[in-house]
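> could you work out the structure for the sequence below:
(one chain, ligands or ions: 1)
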Amino acid sequence: MKDIITIDGPSGAGKSTIARLLAKRLGYKYLDTGALYRAVAWKIKQDNINTEDKESLIGALSKINITFDGEKIMANGTDITSDIRTPEISELSSKVSVIPIIRDYLFTIQREIGLRGKTVIEGRDIGTVIFPEAENKFFLDASFEERGRRRHKELKEKGGEVSLKDTINDITARDNRDSTRQSAPLKKTGDMVYIDSSNLTVEEVIAKIMASLRTS
Ligand code: DC
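Got it, this is the predicted structure:
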C-alpha cells in the first residue's frame, strides 16, 4: 500500500510539523492521530467519566463525534483544537491510550480516514497496528533534551508557565508509558526508516523522507 505514509515516534520528535508539511508538499491528506486520543481524553474529562467503568466509557464513546480536517479538531461540533494542547490533556491522553476499548474505537476511525485516499498519518502505532501494510514507514526520533526544548518552546509561545525541567520530566514519563503499555506500544520495527531529527532542520528531515519514498 503506497497511498499511506506512516510516521511514528515519541512526543516532541517533530512528527506533526513534518507530517503536516510533507502532506502539503505531496498533496496528501494529513491525520494527527494523537489529536484523536486527546479529543477522547478531553471528553472523558469534560463528562467526568470513570474510565474504570466499562459501561460509562462505552456510553461516552458512542456519544462523541470526532472530526479532523487537517487543521481543526472538533468534538460534536465544538472546536477543541487549542483545548486539547494543555499539559493536563497531554498527560490524560497518554493515560487513557492504554485502555483497549479506546484503542479499538479509534482503530476503526483511523482506518476509515486513511482508506479514503493518499494520507500522511502520524502517531505511535500507525506502522505497526493501524496500517501495518503501508510501504512507506518512518520512525522520527530526537534526544530527550531536544524534544524537551521543542515542547517547552511551544508551551511558552502559548503563554504556559512550565519550566524546561518539568517539561522534560513530563515527556519522559509519557514516553515510558507510551512505549511500555501492553496494547500497541510505540515501537520501531525493521521496515521503518529511522530518522533522528535532533540536529536536522525541518527541510532536512523532509528531504530524507522524500528520498526514501516509494510512490510507484
Ligand atoms: O502525539 P500526541 O502527543 O498528541 O499524542 C498524545 C497521546 O496519545 C500520546 O501520549 C499517546 C497517545 N497516542 C497513542 O497511543 N497512539 C497514537 N497513534 C497516537 C497517540
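> only C-alpha atoms from now on, for both contacts and neighbour counts.
Will do.
> any weak-confidence spans in this structure?
The model of the chain has pLDDT under 70 over residues 216.
> residue numbers of it in contact with the ligand?
Counting by CA under 6 Å from any ligand atom, the residues of the chain lying close to the ligand are 11, 33-35, 37-38, 90, 93-94, 97, 123-126, 174, 178.
> report the central residue of this structure.
Geometric centre of the chain, nearest residue: G34, 2.9 Å, by CA atoms, centre = their mean.
> contacting residues for it?
Each residue near G34 by CA atoms under 8 Å, 6 or more residues apart in numbering is listed here: E122, G123.
> try it again with 6 Å
For G34, the contact set (CA atoms under 6 Å, 6 or more residues apart in numbering) comprises G123.
> now T6, what's its secondary structure?
Look at T6: counting by DSSP: H, G, I helix; E, B strand; the rest coil, its state is strand.
> beta partners of it?
I121, K137 (DSSP bridges).
> numbering from 142 from now on, please.
New numbering, starting at 142: the last item is T147.
> in this structure it contacts I262, no?
Yes: the pair T147 / I262 is scored as a contact, 5.0 Å apart, by CA atoms under 6 Å.
> ok, which pair from the residues of the chain next to the ligand is furthest apart?
Spatially, the most separated pair among these is S231 and I267, at 18.8 Å (CA to CA).
> which of these two has more neighbours?
I267 (28 against 21; other CA atoms under 10 Å).
> for the residues of the chain next to the ligand, pick the one with the most neighbours.
I267 (28 neighbours).
> of the residues of the chain next to the ligand, which belong to helices?
With DSSP state H as the criterion, helices contain T174, G175, A176, Y178, R179, S231, S234, S235, R315, D319 from among the residues of the chain next to the ligand.
> the third one and I207, how far apart?
From A176 across to I207, the span is 10 Å (CA to CA, to the nearest Å).
> likewise for K170?
17 Å.
> now H293
Distance, H293 to I207, by CA to CA: 28 Å.
> comparing these two, which residue is more hemmed in?
Set side by side, H293 and I207 show more neighbours around H293, with 22 against 19, by other CA under 10 Å.
> what sits against that one?
Here H293 is in contact with L305 (criterion: CA under 6 Å, 6+ apart).
> which element is it on?
Using DSSP states H and E, H293 sits within helix 285-298.
> same question, I312
helix 305-321.
> can you pull the buried residues of the helix or strand that that helix is followed by?
Moving toward the C-terminus from helix 305-321, the next helix or strand (DSSP H and E) is strand 334-337. Across strand 334-337, burial judged by 16 or more other CA atoms under 10 Å covers V334, Y335, I336.
> roughly how far is strand 334-337 from the heart of the chain?
Distance of strand 334-337 from its chain centroid, counting by CA atoms, centre = their mean, to the nearest Å, is 17 Å.
> excluding its own residues, what touches the helix or strand hosting K165? List them.
If you go by DSSP H and E, K165 is part of helix 156-167. For helix 156-167, the external contacting residues (CA under 6 Å, 6+ apart) are K170, Y171, V261.
> any chance of JSON lines for those residues, columns distance to L198 and neighbour count?
Shown next, in JSON lines, are the contacts of helix 156-167 (distance: CA to CA, whole Å; neighbours: other CA atoms under 10 Å):
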{"residue": "K170", "distance to L198": "30", "neighbour count": "21"}
{"residue": "Y171", "distance to L198": "28", "neighbour count": "25"}
{"residue": "V261", "distance to L198": "29", "neighbour count": "27"}
